[in-house]
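> One predicted model, sequence on top.
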Amino acid sequence: MKSTCTLLLALFLFVSISLAQNVSLARTDVYHVLFAKAALGKAVEEGDFLKTQAPNRPMPGHHLVLRHQFG
């Protein structure tokens, strides 16, 4: 009984690893996350700075800025 459970566990691990490797190949998006906090009264200025992209970016126009509703 013990060897059967061990064999099933090993089989499950091999199947899980092989599925995880196949799934990771399908995802090609890379995200960069930045958390920034502005000084009092400077939130608008920092927001405008974060919204501007450098002209030599590899994918111009692919830019997203999210702001938390409380700050």
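Cool, the structure landed.
> CA only for contacts and neighbour counts going forward, please
Will do.
> Tell me how many other residues surround the closest residue to residue 51 other than its chain neighbours.
Leaving aside its chain neighbours, residue 51 sits nearest to residue 65 (6.6 Å; criterion: C-alpha to C-alpha, 6 or more residues apart in numbering). When neighbours are defined as other C-alpha atoms under 10 Å, residue 65 has 9 of them.
> Residue 65 contacts residue 50, correct?
Yes: the pair residue 65 / residue 50 is scored as a contact, 7.3 Å apart, by C-alpha atoms under 8 Å.
> tell me the helices in the chain, going along the chain?
Under the criterion DSSP state H, the chain carries helices at the ranges 2-26, 43-51.
> The ones you listed: which one's closest to residue 60?
With C-alpha to C-alpha as the criterion, residue 60 lies closest to helix 43-51 of the helices of the chain, at 12.0 Å.
> what number of residues lie near residue 37?
Using other C-alpha under 10 Å, the number of residues around residue 37 comes to 10.
> right, I mislabeled it, should have said residue 47
Neighbourhood size, residue 47 [other C-alpha under 10 Å]: 15.
> Local confidence estimate at it?
For residue 47, the pLDDT comes out at 84.
> Now do it against residue 67, distance only.
Using C-alpha to C-alpha, to the nearest Å, we find residue 47 at a distance of 9 Å from residue 67.
> same check, this time on residue 50
Between residue 50 and residue 67 the distance, using C-alpha to C-alpha, works out to 11 Å.
> Comparing these two, which residue is more hemmed in?
Neighbour count, other C-alpha under 10 Å: between residue 50 and residue 67, residue 50 has more, with 14 against 9.
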